[in-house]
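# Quick one: sequence and predicted model below, then my questions.
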Amino acid sequence: MTDYFKLGFRCGIEIHQQLEGKKLFCNCPALNSTKEPDIEVKRRLRASAGELGEIDKAAKYEMAKSKEFIYIGNSEDVCNVEMDEEPPHQINQDALNTALEVALLLKAKIVDEIQVMRKTVVDGSNTSGFQKTALIATGGYIETSKGKVRIPTICLEEEACQKIEETKEYTKYRLDRLGIPLIEIGTETDIKSPEHAKETASLLGMILRSTGKVKRGIGTIRQDVNISIKGGARTEIKGFQELKSIPKVIEYEIERQSSLINHNKIIEESVRKAEPNLTTSFLRPMPGSARMYPETDIPPVGITKERLSGIKLPKLISEKEKEFEKKYGLSRDIAKELINDELFEGFVKKYENVEPKLIANIMISVPKDIKTRLQLDASKITDADFNLILENLNSNKINKEAAAELLADICRGKKMDINKFKTVSEEGLEKDIKEIVKQKPGLSIGAYMGLIMEKHRGKVEGKKVMELLKRIV
């Protein structure tokens, strides 16, 4: 087992989460468009000096490639602001309020005045050559299983363009993603291990989703991981979205740096890209502070006590899950899957004779079992199928064993036949048990149980069969 403390392991993460609504500095919709492009713009970008009069080394590296950048988009989704042909509008107040809400949830200290800054980015992902970003709060934290993880910065910034094609001569981007509001949360190097990094990212994602104002789906949230070990150098890894990949990406980076150290190689600070196999490749040198300077087109926004007092904090999803779990007697994993499922709660109210736990099992566990154990396509099961099964369970026409059989039939492409699984009466069941015991005397209760369950597959409950067997045998 790796001793990460002895290794000198240092790790922090950055979360980037897209918000719903309008874009950050114009009124265009915050969406990833699929409309056919009717706009094309070509640019070449050069790096500008920051506040200190220096040009950032990462910006110099990108500028040296001397690439042409091609931007395409649909005129219904983008405007002159995205094309850098018009000054940015005032900052989106709804997005700012969401960022303030997240900062309060993270127990951070909100700044008195929001000053938008320009961050030099000349890889073409912004038409202007810089990204607009604003510091919202500092000094936050979250509690984890391994202690407190501090959050020094919470920012609100604009999303970059989406890269769709790249050659040595040019890079092509779509403009519709440019300008979507993006909350950036950065942690201190308080993360103790690769699995702890995954836990931290998961908790931050849960807090963001608790606002109900963030985008969901592939590409709407990204994690960057900053890693170093003793004798190595800080490396920022970009380009992966799935939480489950975080530990392996970190482990590979530790192996890479360890190998270089063992071969007496000098490790430079750098930004690397996570490849599909979770190893990494060099992107550019690590950027520094020289790339930041004030955005003069956007006036600062003062944050008053009155504004903050008007922000109502939501209940965290983790708290809702605990309440949901307790209310319906569900496991934590099942509660997570059903907490926002209106169909489940509707079934619970409608079918009072069916335990909520059984309804949850039929909706979640049974389809998963059918998919993994029987290798069948569980997506064929519809809400109407669940409704019909629960209706018959509620009226005691079938039992819970029949539910799995009926759902499996649907996945096999068969028509649901409720009559095939009509419940056997207790009198009829008792008569059958006595007959089998008479025909095959001297068997164990387990053997009789198997014979009865095979004969009445899906029509009787195992618990009832066992009760009668114990009384008869």
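Cool, got the structure.
# need the strands for the stretch 51-200 of the chain, in chain order.
Listed from the start of the chain, the stretch 51-200 of the chain has strands (DSSP state E, counting those that start in this stretch) covering 68-73, 109-110, 113-114, 116-120, 130-138, 140-144, 147-151, 153-158, 162-166, 170-174, 181-186.
# Just put those in TSV and tack on mean neighbour count, distance to Leu204 and mean pLDDT.
Backbone N, C-alpha and C define where each C-beta goes, glycine included. Rendered in TSV, the data for the strands of the stretch 51-200 of the chain read as follows (neighbours: other CB atoms under 10 Å; distance: least, CB to CB, whole Å; pLDDT from 0 to 100):
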stretch	mean neighbour count	distance to Leu204	mean pLDDT
strand 68-73	20	31	92
strand 109-110	16	18	98
strand 113-114	15	21	96
strand 116-120	23	21	90
strand 130-138	21	14	95
strand 140-144	17	7	97
strand 147-151	17	8	97
strand 153-158	23	10	97
strand 162-166	13	23	92
strand 170-174	20	27	93
strand 181-186	25	6	97
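# Contacts only, for the closest residue to Ile191 other than its chain neighbours.
Once flanking residues are discounted, Ile191 sits nearest to Cys11: 4.1 Å by CB to CB, 6 or more residues apart in numbering. Applying CB atoms under 8 Å, 6 or more residues apart in numbering, we find Cys11 in contact with Thr189, Ile191, Pro194, Ala197, Val225, Asn226, Ile227, Ser228, Ile250.
# can we see that at 6 Å?
Contacts for Cys11 were tallied using CB atoms under 6 Å, 6 or more residues apart in numbering; they are Thr189, Ile191, Ala197, Ile227.
# May I have the predicted confidence score for it?
Cys11 is assigned a pLDDT of 97 by the prediction.
# Can I take it that it is in a helix?
No - counting by DSSP: H, G, I helix; E, B strand; the rest coil, Cys11 is not part of a helix but strand.
# beta partners of it?
With DSSP bridges as the criterion, the beta-bridge partners of Cys11 are Ile227.
# on that earlier part again, CSV for the strands of the stretch 51-200 of the chain, including distance to Ile452?
Conversion of these to CSV gives the following (distance: least, CB to CB, whole Å):
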stretch, distance to Ile452
strand 68-73, 67
strand 109-110, 67
strand 113-114, 72
strand 116-120, 72
strand 130-138, 65
strand 140-144, 51
strand 147-151, 55
strand 153-158, 63
strand 162-166, 61
strand 170-174, 63
strand 181-186, 58
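# Indicate which one of those is closest to Gly329.
When those are compared for distance to Gly329 using CB to CB, the nearest one is strand 140-144, at 27.0 Å.
# partner strands of that closest one, parallel or antiparallel?
Based on DSSP bridges, the strands next to strand 140-144 in the sheet, each with its direction, are strand 147-151 (antiparallel).
# Other residues contacting the partner strand?
Contact partners of strand 147-151, identified using CB under 6 Å, 6+ apart, comprise Leu106, Gly140, Tyr141, Ile142, Thr187, Glu188, Asp190, Thr200.
# Right, I'll leave it there.
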